[in-house]
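Trainee: the sequence isn't on hand, but the structure is:
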């Protein structure tokens, strides 16, 4: 998978994507509804680090805005995207497909 | 290499590679018995190293009824050529492959030259922007190949490739008899040749081996290869020798630690003094694989020895093995030590990855999340590492001693010999895991990738953008 595959998949599913620079690179941003857990139904911005490498190895961690848990809990820490953002440190080991990676994003924000 | 002019390739080595699966498909099509030649067109992609340009042949466009004229020899028709050019995938070059009726590296008949130089070279170059590639199959399985490079207006000149490699569980190499001639084994190699024979030694000697990482394991492999008679070795490492490396880096002296000598310089000094071949060339590349000079140097090689422990460069090597058809022989050590510093257990693993074999992910030799963390600098962030689980920290611990490295290096070299010579009685036939206690080697015979593996589909795609 390359990042363009993920972008096409998300756009086909009706998501609006934006790219913002941060640190030494850039992030892909999309807005999702938290599907489950204590934040169920909240609107949340999710950021994914961009890379044009082939294949794309997505960052397993997920950057979210606003903070979904008190900072420091549930393996959360600050994000290079800014103070409003929260970095949720997680693992994603499956062969990445657009569908599997989007499911990972939803799982991370939905299990809090 | 601007525009594929002949002059641009004066000091560039040319090469061709394809998978053994494609080789089998080609032979099945081309071999028509002792009296009939045959042909097909194919598509290829460029793989650009620092000093070598390789055509990765990735896809055939086999002839249909009426596409060629078979009269003992063989000729293609204009409609067939038209179809091949029209169906050419984006960014692919065109190759003409045909069979001859004799063994060994094949020259070209006058008819062959007319077909490639006069009928095809200009049409292919103007359509694809890439030079025509011609290949000839000999009845013993040897492939010969040449590019037709632009020498002037409507003028294309032939430049022979040095090697053609067919990559599967074995790397079967065909060598141009003058550009890469077989050398006679030296007196110093008598014992080695007595074990696996002169033919295997000549194949091994002419295989260009890259060693990525010249620390504990890599430095040992370097000397092992030079003594064994490998004639071309490329050493890739950006690091310098430090005091803490002296307990496990072969050839490193205290003065090197004081002066901060490059690890590749230490290994080069070692192999220049210990090689047994009559023609020897070691190249020291003081760059990381993750830098452009390091990556392009790796793409010059026929086989790569992975002697780095960081996940991100190992991922890059894993991709190179499939996308650029350069098998990688990987080794890794995991030493578990208690909080109080007592050794609990140590394992080491050795495996070869590339077409026809399971990749590093499917062997569980690297994890995608570790690769992303390493790439993003998290593994160098002490605060981040402190927050990891004990199991994760152990994986990143990089504990090692010289004796472990000796064993891993030895088995990596044995797997190299097996891959190059095709002799499973030297290299074994699977992924190896050694448990220091009780002292057993487990062998997973022919492990395969998962169905959903995303690395295998990269096979022969030659994509240049692996890192950024």
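Mentor: Good, I have the coordinates. Since we're looking at a predicted model, the values are computed, not measured.
Trainee: report how many residues lie close to residue 109.
Mentor: Looking at chain A here, since you left the chain open. Taking other Cβ atoms under 10 Å in any protein chain shown as the criterion, the count of residues near residue A:109 is 22. Yep, even glycine has a C-beta here, placed from its N, CA and C like the rest.
Trainee: chain B, not that one
Mentor: 12.
Trainee: mind listing what it touches?
Mentor: Residue B:109 makes contacts with residue B:73, as judged by Cβ atoms under 8 Å, 6 or more residues apart in numbering or on different chains.
Trainee: from chain A, how far out is it?
Mentor: 41 Å (Cβ to the nearest Cβ, to the nearest Å).
Trainee: which bits of chain A sit near chain B?
Mentor: Neighbours of chain B within chain A, by Cβ under 8 Å from any Cβ of the partner chain: A:1, A:49, A:51-55, A:57-61, A:75, A:77, A:89-97.
Trainee: let's go with 10 Å and repeat that
Mentor: A:1-2, A:23-25, A:49, A:51-61, A:72, A:75, A:77, A:80, A:87, A:89-97, A:100 (Cβ under 10 Å from any Cβ of the partner chain).
Trainee: residue A:11 against residue A:17, yeah?
Mentor: Yes: counting by Cβ atoms under 10 Å, residue A:11 does reach residue A:17; the two are 6.4 Å apart.
Trainee: now do the shared contacts for the two.
Mentor: Common contact partners of residue A:11 and residue A:17 (Cβ atoms under 10 Å, 6 or more residues apart in numbering or on different chains): residue A:30.
Trainee: buried ones only from the residues of chain A next to chain B, please, as a ChimeraX command.
Mentor: To isolate the buried members of those in ChimeraX, using 16 or more other Cβ atoms under 10 Å in any protein chain shown:
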select /A:1,49,51,53,54,55,56,57,58,59,60,61,87,89,90,91,92,95,96
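Trainee: how about the closest residue to chain A within the stretch 301-450 of chain B, nearest residue that isn't a chain neighbour?
Mentor: Nearest to chain A in the stretch 301-450 of chain B, going by Cβ to the nearest Cβ, is residue B:369, at a distance of 4.0 Å. With Cβ to Cβ, 6 or more residues apart in numbering or on different chains as the criterion, residue B:369 has its nearest non-adjacent residue at 4.0 Å, and that residue is residue A:60.
Trainee: so who does that neighbour touch?
Mentor: Residue A:60 neighbours (Cβ under 10 Å, 6+ apart): A:88-93, A:96, A:101, A:104, A:108, B:367-373, B:376.
Trainee: from the residues you listed, which land in strands?
Mentor: residue A:88 (DSSP state E).
Trainee: which ones among the contacts of residue A:60 map onto helices?
Mentor: Under the assignment DSSP state H, the contacts of residue A:60 contribute A:101, A:104, A:108, B:368, B:369, B:370, B:371, B:372, B:373 to helices.
Trainee: out of these, who's the most crowded?
Mentor: Counting neighbours by other Cβ under 10 Å, residue B:373 leads the ones in helices among the contacts of residue A:60 with 26 neighbours.
Trainee: so where's the chain shaky on pLDDT?
Mentor: Since no chain was named, I'll use chain A. Counting by pLDDT under 70, chain A contains no low-confidence segment.
Trainee: chain B is the one I meant
Mentor: B:1-3.
Trainee: hmm, try it at 80
Mentor: By pLDDT under 80, the weakly predicted segments of chain B are B:1-3, B:383, B:386-399, B:468.
Trainee: pick out the residue nearest the middle of chain B.
Mentor: Closest to where the C-alpha atoms of chain B average out (Cα atoms, centre = their mean) is residue B:326, at 2.3 Å.
Trainee: which stretches in chain A count as strands?
Mentor: A:18-22, A:25-33, A:43-49, A:62-65, A:76-79, A:82-88.
Trainee: check the stretch 251-400 of chain B too.
Mentor: B:281-285, B:303-306, B:328-337, B:343-353 (DSSP state E, counting those that start in this stretch).
Trainee: looking at those, which is nearest to residue B:383?
Mentor: Each of the strands of the stretch 251-400 of chain B has some distance to residue B:383 by Cβ to Cβ; the shortest is strand B:328-337, at 22.4 Å.
Trainee: is any residue of that closest one near chain A?
Mentor: No: under the criterion of Cβ under 10 Å from any Cβ, chain A is not reached by strand B:328-337; the shortest gap measures 15.9 Å.
Trainee: now do the buried residues in that strand.
Mentor: Of the residues in strand B:328-337, B:328, B:329, B:330, B:331, B:332, B:333, B:334, B:335 count as buried by neighbour count, 16+ other Cβ under 10 Å.
Trainee: would you list those residues in a markdown table and tack on distance to residue B:53?
Mentor: Compiled in a markdown table, these are given as follows (distance: Cβ to Cβ, whole Å):
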| residue | distance to residue B:53 |
| --- | --- |
| B:328 | 21 |
| B:329 | 24 |
| B:330 | 26 |
| B:331 | 30 |
| B:332 | 32 |
| B:333 | 36 |
| B:334 | 39 |
| B:335 | 42 |
